[in-house]
Each structure stands twice: as C-alpha cells, then as structure tokens.
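[1] just coords:
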C-alpha cells in the first residue's frame, strides 16, 4: 500500500510512540501522522483509519500484537466502543502518568514557559482526588443515557448507540435509578445525583427522583434544575479551594470577579473570604446558571450577580471607572478563555488570576498571553475524570512586577 492509497477503512500495523492530547496515541505510517484510540505507548497494533483532518489521520485499534504491561481488561464491557471512558483499558496509576505527560507537553508546546519552569510546576503530576475509589469507579454524578429498548450511550464521535446499562463510573445510586426504571419513551435522558437523591428524566419526561438537585458548598445551599452545570465529581471543588488557600491570601475588603461563574460555587467561596466590606462580581451568560446563582446568593450584600457574556461584561466595565480589582477567577468552558477576553481582563490589572481548566492545551494557550504581564506562581492538576483522558488543572498567577 502506498501512502497515497491510505484512506478511511484501511487497516495497517503500526508501532505506538507516545500519548497525545485528546486521548489519542501517536503512530506513523509511511511518513504520515496518525492519532490512534485504544492503544498504548510501546505497543504494536493493527489499526483502522476512521477519518482524516488536514494532514493528520485518525484511527481505532483493531487488534494488539505486542501489548503494554499497563493494558488491563476494562471493568465495563462497553468501554472500548462507548465515547465516555476512553482509558478503561489502562491501569489507573498509569492513567495518571499519561495525563501528566499530556499536561507537561501542552505547557511546553503552547504556554511559552521554559522547560525548567514547566518541570517545576508539573512535578507533583496529575493527582487522584482524595478518598476516591482506587479502581476509578462510581465517581460520576452527572451523565446522559439514551433509552432505546435498554439504556445506551453513544459511540465515540458518533450517534450510534452502545449498550451501557452496567456503566461502572456512575454512582451506585444512579445505576439503581436506571435499572429500576421501566420502558420510557425513546430518547436521551439526564441522570444527575445530588444530596437529595437522583433525578432521571428530560424536559418532556420526569421519570424519577427530585425535580431540583441539592448541593451544598462554602456555607451555601443550591437547589437547581438538573440541566445547570455542576462538577461531575463535586469533591474537586473543595480540592481547588484548598489549593487556593495554600497558595494566595484573599483578604477582607478585596474586590474579585468570578468570570464564567456558573451557578456561583466559587462566588460563594470568595464571598466567605472578602467579608462584608469586599465585593465579588459573578458573571455568566447561561440564563439557568445565572438564575441558580441569584437564588442561592442574591441576598448577600457582598455579591453582585451579572447575567452576561464575559466579553460583553468586560467591554461594559471598561467604559466605567477603573475598579480596584484584587483578583479574578476564570472557569471557562473547554475551549478556554481566548486571547481577546484574556487581554481585556489583563487591562484591568487584577493582582491575582486563578485559572480553572479542563483542557490543558486551551489553558496553555491562554497562559502564553497572560504571562506577558503575569507569572504562574503555582499549578496543580487532579484526576477529576478517572477512566477518561480528561483532568482538571488550576493555575494561579500574580502580577509580574520584575
């Protein structure tokens, strides 16, 4: 086969070199770059080409000829096909090692930080959530399933359904809710666990459980619709808060912004620290999240809640008096903040910036812009999504006055 003939559906044998961003592993064939799912570094595998994007081919592992010692039998029989758990075939300690490699390489390639500084920041590696199950199971408290003569998830990058009634990463109470439900109308359903039980349903059919989900954090009580975002493993919120407390001091009387603030969980955290003489402004564009924040925090005298796109808020703020801004928390969606919003925030010169990221490449690209005026004082990452390639990273930056 010549390289010109390589096309979707072809099968070839390759050696796998390393992990790369997105849950893929790197291979080369006839001078072409291939991103492979379902493989491990050091393995020799047969792959099937599934797609091509620009100059990169994407492929799925078909069979393993030389196996890595870190390959295990996945606890869920559907994991190889299901799009939710792309690392279940890898032993849990090595999953952490792979995620640490991705974090280090992302920072080295995109952040502009020196190799020595990246090594210092990533020295602790991606760490497990304390008290999490060592086998990476039963942690997820938010998910979606499709009912079609049984419970299914979707195949990776496809609308095709894969049977998943015995999903191993959702909590046991969520699994019980699925198994106890009869035969609802065909469709996609959310299953969400809170302190008051498990909701199962969609906008048209409330199948079981409470209609509002209860969460408590930082002396604040939320009772929110299941559609409002909350961390799939809520414990990571408290890990982030502890890390912030260990790294910087937030004083009474300070003014902070919580951008992409969602339902306001970190607004509540900041509210505790700044006291009644301070002010935290929470900004989010999603109307349901903004309403949830207002319901939970609207009566606090030191909190201001803004329903707005973050960039529009910054544009509006730039037309007023320059605030004495001590800090800002950024908790953007997976795509990151972006250069335009980052530069507009930097123009307000907050003393500290806390960046919460679920994508290390997006974080690294935004850090490159931020580090024109700020320095990364510390960084920490957690395995908030075991059995998948995802993880959560927090970078804390201070103004560079050198």
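    All right, it came through fine. None of these values were measured; they are calculated from a predicted model.

[2] name the next helix or strand downstream of the host helix or strand of residue 94, please.
    Using DSSP states H and E, residue 94 maps to helix 92-110. Scanning forward in sequence from helix 92-110 by DSSP H and E, the next helix or strand is helix 115-121.

[3] what are the buried residues along that following helix?
    Of all the residues in helix 115-121, those buried under the rule 16 or more other CB atoms under 10 Å are 117, 118, 121. The way it works is simple: take the backbone N, C-alpha and C, and place the C-beta from them, glycine included.

[4] state the distance from the first one to residue 221.
    In this structure, residue 117 lies at 41 Å from residue 221, with CB to CB, to the nearest Å as the measure.

[5] check residue 41 too.
    Here the distance between residue 41 and residue 221 works out to 46 Å (CB to CB).

[6] distance of the closest residue to residue 67 other than its chain neighbours from residue 299?
    In space, and not counting its chain neighbours, residue 67 is closest to residue 43: 6.1 Å by CB to CB, 6 or more residues apart in numbering. Counting by CB to CB, the gap between residue 43 and residue 299 amounts to 57 Å.

[7] again, but for residue 195
    Look at residue 195 and residue 299: by CB to CB, they are 21 Å apart.

[8] if you count what's nearby, which of the two comes out ahead?
    Taking other CB atoms under 10 Å, residue 195 and residue 299 do not tie; residue 195 has more neighbours (13 against 8).

[9] who are the packing partners of the strand or helix carrying residue 382?
    Per DSSP H and E, residue 382 falls inside strand 374-383. Using 3 or more CB pairs under 8 Å, 6 or more residues apart in numbering; DSSP states H and E as the contact criterion, the secondary-structure elements in contact with strand 374-383 are helix 92-110, helix 115-121, strand 126-128, helix 235-247, strand 392-399.

[10] look up how far residue 128 lies from residue 95.
    Between residue 95 and residue 128 the distance, using CB to CB, works out to 10 Å.

[11] between the two, which contacts overlap?
    383, 386 (CB atoms under 8 Å, 6 or more residues apart in numbering).

[12] compare these two (neighbour count), which wins?
    Counted by other CB under 10 Å, residue 95 and residue 128 do not tie: residue 95 has more neighbours, with 24 against 18.

[13] in contact with the more buried one, which residues?
    By CB under 8 Å, 6+ apart, the contact list for residue 95 reads 87, 136, 383, 386, 387.

[14] rewinding a little: who has more neighbours out of residue 41 and residue 221?
    When neighbours are counted by other CB under 10 Å, residue 41 comes out ahead of the other of residue 41 and residue 221, with 17 against 12.

[15] which residues touch the host helix or strand of residue 258?
    Take DSSP H and E as the rule and residue 258 turns out to sit in strand 255-259. With CB under 8 Å, 6+ apart as the test, strand 255-259 has contacts from 250, 264, 266-267, 270, 274, 278-283, 310, 313, 323-332, 345, 350.

[16] report the separation between the residue nearest to residue 67 and residue 247.
    Computed with CB to CB, the distance linking residue 43 and residue 247 is 39 Å.

[17] who's more crowded, these two?
    More neighbours surround residue 43 than the other of residue 43 and residue 247, with 22 against 16 (other CB under 10 Å).

[18] surely that one and residue 14 touch.
    No - with contact defined as CB atoms under 8 Å, residue 43 does not count as touching residue 14 (9.2 Å).

[19] could you give the bridge partners of residue 153?
    residue 162 (DSSP bridges).

[20] if you could redo that for residue 198, that was the one I meant.
    According to DSSP bridges, the residues that bridge with residue 198 are residue 193.

[21] contacting residues for it?
    Contact partners of residue 198, counting by CB under 8 Å, 6+ apart, are 171, 173, 174, 176, 177, 191, 192, 208, 209.

[22] repeat for residue 331
    If you count contacts by CB under 8 Å, 6+ apart, residue 331 has them with 258, 259, 260, 261, 262, 266, 356.

[23] what's the answer for residue 370, then?
    With contacts defined as CB under 8 Å, 6+ apart, the neighbours of residue 370 are 342, 346, 353, 355, 397.

[24] closest one to residue 232 out of the residues you listed, please.
    residue 355 (19.7 Å; CB to CB).

[25] what is the burial count for the closest one?
    With other CB under 10 Å as criterion, residue 355 counts 25.

[26] residue 130 now?
    Neighbours of residue 130 (other CB under 10 Å): 10.

[27] can you tell me the SS state at it?
    The assignment at residue 130 comes out as coil when based on DSSP: H, G, I helix; E, B strand; the rest coil.

[28] relative to residue 96, how far out is it?
    For residue 130, the distance to residue 96 (CB to CB) stands at 14 Å.

[29] now do the end-to-end distance for stretch 307-325.
    Using CA to CA, to the nearest Å, one end of stretch 307-325 lies 20 Å from the other.

[30] let me see the domain layout of this protein.
    If the domains of the chain are taken from automatic domain parsing, they occupy 3-66, 105-132+230-399, 142-217, with pieces of a single domain joined by a plus sign.

[31] return the most buried member of those domains.
    Neighbour counts averaged per stretch over the domains of the chain are highest for domain 105-132+230-399, at a mean of 19; criterion: mean count of other CB atoms under 10 Å.

[32] which ones are touching the residue nearest the centre of the chain?
    With distances taken as CA atoms, centre = their mean, the residue of the chain nearest its centroid is residue 358 (3.2 Å). Residues near residue 358 by CB under 8 Å, 6+ apart: 334, 384, 390, 391, 392, 393.
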